[in-house]
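Asks: what's the 3D shape of this:
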Amino acid sequence: MASSRFWSDESYDCATKERDRVSRAAMRTRSILAMLALLWGTPAAAEDDGLIWTSLTANGPLGGGYLFAGDVAARIGSEPQHFRQYVIRAAIGTEIAPHVTLHAGYAHFWTGTRRQTRGEHRSWQQLAFTLGHMGKLHLHGRSRLEQRYLPGTDVPSWRVRQQVRGELPFGGKGQPSLLASGEIFMNLNAPRGAPRSGLDRWRAQAGMSIPVATGISIQPAYLHQFVPRRGEDLHEHILFTALAFRW
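Replies: Model prediction:
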């Protein structure tokens with residue numbers, strides 16, 4: 001009987017040690033997973049919003065080697081509290097090399113809701129150029145530097161924008177074209193009360209240019225705008241329509 005009890009106690013001790021070993025291994029695994037979660041972080045939640053953007057643009061020569069570019073725009077969304085933004089923008093430019101133009105301009109933005117609106121003054125400089133073509137596909141680039149004078153800030157917030165745009169005509173001159181573009185926005189500094197430096201947003205757009213008369217076209221498109229934020233990132237799905245005049 002004594003021998004039987006001895007083996008029973010030994011088996012019990014072995015089982016206890018095995019459970020302890022498994023428990024310690026599980027705790028180490030949970031600790032490692034927790035550390036990895038802290039290092040990698042969790043995927044940021046995202047908020048989606050739908051907007052309607054409309055724009056009226058005008059571009060053409062002024063004489064004396066100078067060019068004009070201008071637009072007015074209205075951007076209307078559903079959140080928060082029926083978002084509104086209105087834009088007026090104009091610039092004077094010149095061609096500094098074949099297929100390369102330089103512009104300098106001013107823009108004013110009214111942004112807010114039905115109850116409250118704030119204004120933003122913005123000066124900007126732009127270099128537009130032709131990248132080349134691949135068959136019928138024409139590629140263009142646009143580099144823009146902005147100085148944003150935001151409410152509540154003492155110094156301008158500097159931002160650079162880089163756009164690449166492609167145009168694929170269906171036929172000859174005066175025929176509809178497919179349009180696609182991508183644009184990235186980077187904040188170069190972070191004054192008190194202004195957005196943080198780094199990636200501000202990016203846009204991807206796909207649509208068409210449909211001539212309706214000489215020098216006049218309608219450009220319907222879908223535009224996706226991604227805005228990184230400290231909380232939820234914002235994805236804006238935008239139905240965009242422009243009426244473009246060119247002389």
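Asks: So for the helix or strand harbouring Ala244, what gets flagged as buried?
Replies: Using DSSP states H and E, Ala244 sits in strand 233-246. For strand 233-246, a neighbour-count test (16 or more other Cβ atoms under 10 Å) marks 234, 236, 238, 240, 242, 244 as buried. Every residue, glycine included, has its C-beta placed from N, CA and C.
Asks: Can you list the strands that that strand pairs with?
Replies: strand 46-63 (parallel), strand 216-227 (antiparallel) (DSSP bridges).
Asks: Let's have those strands in a markdown table, adding distance to Gln126, mean pLDDT and mean neighbour count.
Replies: Below are those laid out as a markdown table (distance: least, Cβ to Cβ, whole Å; pLDDT from 0 to 100; neighbours: other Cβ atoms under 10 Å):
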| stretch | distance to Gln126 | mean pLDDT | mean neighbour count |
| --- | --- | --- | --- |
| strand 46-63 | 12 | 93 | 14 |
| strand 216-227 | 19 | 98 | 16 |
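Asks: closest to Lys136 out of the ones you listed?
Replies: strand 216-227 (17.8 Å; Cβ to Cβ).
Asks: Report all helices and strands that the host helix or strand of Ala73 contacts.
Replies: According to DSSP H and E, Ala73 maps onto strand 66-77. Judged by 3 or more Cβ pairs under 8 Å, 6 or more residues apart in numbering; DSSP states H and E, strand 66-77 is in contact with strand 46-63, strand 84-97, strand 100-112.
Asks: Format those as TSV; extra columns: distance to Pro156.
Replies: Shown next, in TSV, are the helices and strands packed on strand 66-77 (distance: least, Cβ to Cβ, whole Å):
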stretch	distance to Pro156
strand 46-63	25
strand 84-97	17
strand 100-112	13
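Asks: gap between the strand holding Ala73 and the chain center?
Replies: 18 Å (Cα atoms, centre = their mean, to the nearest Å).
Asks: what are the C-alpha coordinates of that strand, in CSV please?
Replies: Extracted C-alpha coordinates of strand 66-77, given in CSV (Å, rounded to 0.1, in the frame of the first residue of the first chain):
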residue,chain,number,x,y,z
TYR,A,66,1.0,86.0,-69.6
LEU,A,67,-1.6,83.4,-68.7
PHE,A,68,-4.6,83.4,-66.5
ALA,A,69,-6.0,80.5,-64.4
GLY,A,70,-8.9,80.7,-62.0
ASP,A,71,-11.8,78.8,-60.4
VAL,A,72,-14.6,79.1,-58.0
ALA,A,73,-15.9,76.0,-56.2
ALA,A,74,-18.5,74.8,-53.8
ARG,A,75,-18.0,71.7,-51.6
ILE,A,76,-20.9,70.3,-49.7
GLY,A,77,-21.0,67.3,-47.3
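Asks: Good, we can wrap up now.
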